[in-house]
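>>> What shape does this take:
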Amino acid sequence: MTYPPVGARSWSHIASRPVRPTGHRHEGCHNDPVTEPAVDGRRARGERSREAVLDAVIALYRDGQPDAPVEVIAARAGVSRRSVFRHFADLDAMKAAAVELHMRRIAPLLAAPPTEGDLAARAAALAEQRGRFFEEVTPSRIVTERLRGQVPLIDEYLLLGREMFRQQLGDLFAEELDPLDAAERGELLDALAVAASWDGWHLLRTAEGADVARAGRVVTRTIVALLSCR
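Residues are numbered from 1 along each chain as shown. Predicted coordinates for the structure are as follows:
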């Protein structure tokens, strides 16, 4: 897949689009007024069943069960095992659809923090915003790491996230970054991207055992240090 340059696409472009069907399609006769209500009723039931499966998958992600068997997913969703594969071609397609639905639901958490205030205030606002998002996205994010390179949609989400987060950093810290030459600005943006990344947050929350408040302070301190010592 060839991607347009940064800024040509937005996270909301994907986050707001309907989740694509990934199972089998059945064509109905939409011109027959007698059969149309029945077709619409089946379609509505199918959509409810599909969303119930995805809700079950997302809930299992949160419970630390990203590889739950189909039988567990079906039981959690209140559907039959056969129903699961009416909606999804395979387990990877189901996992990707669940990640996509989860991302659409939490997209409002991606709103850029305000650009007003001194460096410390802006750094703290960014850490608070990223922390809220990372805490919510982590169950799905762990699954995306497993599907990286296997499911194109997952790779697209990861690329979009990196682009959007980098653009946020450039906008939020323009006062400190814009006076720099291109090479220095690029290197500093790289450092900021690492400091405010999900990978760094996850490391703090797991390997370092930091709670949310401490992880936010570490991110804030790191950003202020990077931009104060340029």
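>>> Work out the gap between whichever helix in the chain runs longest and the centre of the chain.
The longest helix of the chain (DSSP state H) is helix 119-147. Taking the mean of its C-alpha atoms, helix 119-147 sits 10 Å from the chain's own mean (C-alpha atoms, centre = their mean, to the nearest Å).
>>> which of the residues in it are buried?
119, 122-131, 133-134, 137-141, 143-144, 147 (16 or more other C-beta atoms under 10 Å). Where you see a C-beta, it was placed from the backbone N, CA and C, and this is true even at glycine.
>>> cool, stretch 156-171 as well?
Buried residues in stretch 156-171 (16+ other C-beta under 10 Å): 157-158, 160-161, 163-170.
>>> Give the rounded mean pLDDT of that stretch.
Stretch 156-171 carries an average pLDDT of 90.
>>> Check which helices and strands the strand or helix carrying Arg48 is in contact with.
Arg48 is part of helix 36-62, with elements assigned from DSSP states H and E. With contacts defined as 3 or more C-beta pairs under 8 Å, 6 or more residues apart in numbering; DSSP states H and E, helix 36-62 has these neighbours: helix 70-77, helix 81-87, helix 91-106, helix 119-147.
>>> okay, those helices in a markdown table with distance to Ala193 and mean pLDDT next?
Output for those, formatted as a markdown table (distance: least, C-beta to C-beta, whole Å; pLDDT from 0 to 100):
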| stretch | distance to Ala193 | mean pLDDT |
| --- | --- | --- |
| helix 70-77 | 35 | 92 |
| helix 81-87 | 37 | 86 |
| helix 91-106 | 19 | 85 |
| helix 119-147 | 11 | 91 |
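>>> Which among those helices is found nearest to Ala191?
helix 119-147 (13.2 Å; C-beta to C-beta).
>>> Who are the packing partners of that closest one?
Against helix 119-147 (3+ C-beta pairs under 8 Å, 6+ apart) you get helix 36-62, helix 91-106, helix 152-172, helix 198-205, helix 212-228.
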